[in-house]
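> I'll drop the sequence and a predicted model, then ask my questions.
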Amino acid sequence: MESEPKGPVAAEIEARLIAALSPTRLAVIDDSAKHRGHAGHDARGESHFTVEIEAAAFAGQNRVARQRLVNRALAELLAERVHALAIRATAPGEAA
């Protein structure tokens with residue numbers, strides 16, 4: 001897991017994904033600054049994210065099923081706080 005300073009929403013995303021999927025690799029990247037002035041931008045920041053996650057739970061799952069697992073773990077945040085989420089989900093041993 002990465003150890004960069006995180007805002008509260010990024011930290012919550014990380015905590016929920018760790019609890020739900022026990023990832024072997026996880027990066028939560030705040031892309032919000034790239035969307036300043038665009039639709040969905042939240043003045044509080046932390047509205048757009050990229051998640052790069054590797055977890056055994058993804059083995060044998062297609063891309064849509066993997067995204068559903070991530071979305072399920074983050075459902076409340078996606079409904080209330082996160083405007084956009086890009087997901088790169090792999091199983092251990094797969095190329096990213």
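That came in fine, so what should we check first?

> residues touching residue 24, list them.
Residue 24 sits next to 54, 55, 56, 92 when contact means CB atoms under 8 Å, 6 or more residues apart in numbering. Any C-beta I mention is one placed from the backbone N, CA and C, and that applies to glycine too.

> which pLDDT value belongs to it?
pLDDT recorded at residue 24 is 97.

> that one and residue 80, how far apart?
As judged by CB to CB, to the nearest Å, residue 24 and residue 80 stand 28 Å apart.

> just for this protein, where's the confidence low?
Low-confidence segments of the chain, defined by pLDDT under 70: 1-5, 34-45, 96.

> quick check, central residue of it?
The chain has residue 51 as the residue nearest its centroid, 3.4 Å off, counting by CA atoms, centre = their mean.

> helix, strand or coil for the closest residue to that one other than its chain neighbours?
Once flanking residues are discounted, residue 51 sits nearest to residue 87: 5.3 Å by CB to CB, 6 or more residues apart in numbering. Here residue 87 is recorded as strand under DSSP: H, G, I helix; E, B strand; the rest coil.

> residues near residue 87, how many?
17 (other CB atoms under 10 Å).

> quick revisit: show me the contacts for the residue nearest to the centre of the chain.
Going by CB under 8 Å, 6+ apart, residue 51 touches 13, 17, 26, 27, 28, 29, 70, 85, 86, 87, 88, 89.

> can I get stretch 89-96 in CSV? Just the C-alpha atoms.
The C-alpha coordinates for stretch 89-96 follow below in CSV (Å, rounded to 0.1, in the frame of the first residue of the first chain):
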residue,chain,number,x,y,z
ALA,A,89,-8.3,-4.1,-10.9
THR,A,90,-6.1,-7.1,-11.4
ALA,A,91,-5.6,-10.5,-9.8
PRO,A,92,-2.1,-11.4,-8.4
GLY,A,93,0.2,-12.4,-11.3
GLU,A,94,-1.7,-10.5,-13.9
ALA,A,95,-0.2,-7.6,-15.9
ALA,A,96,-1.7,-4.3,-14.9
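
> this completes my enquiry, with thanks.
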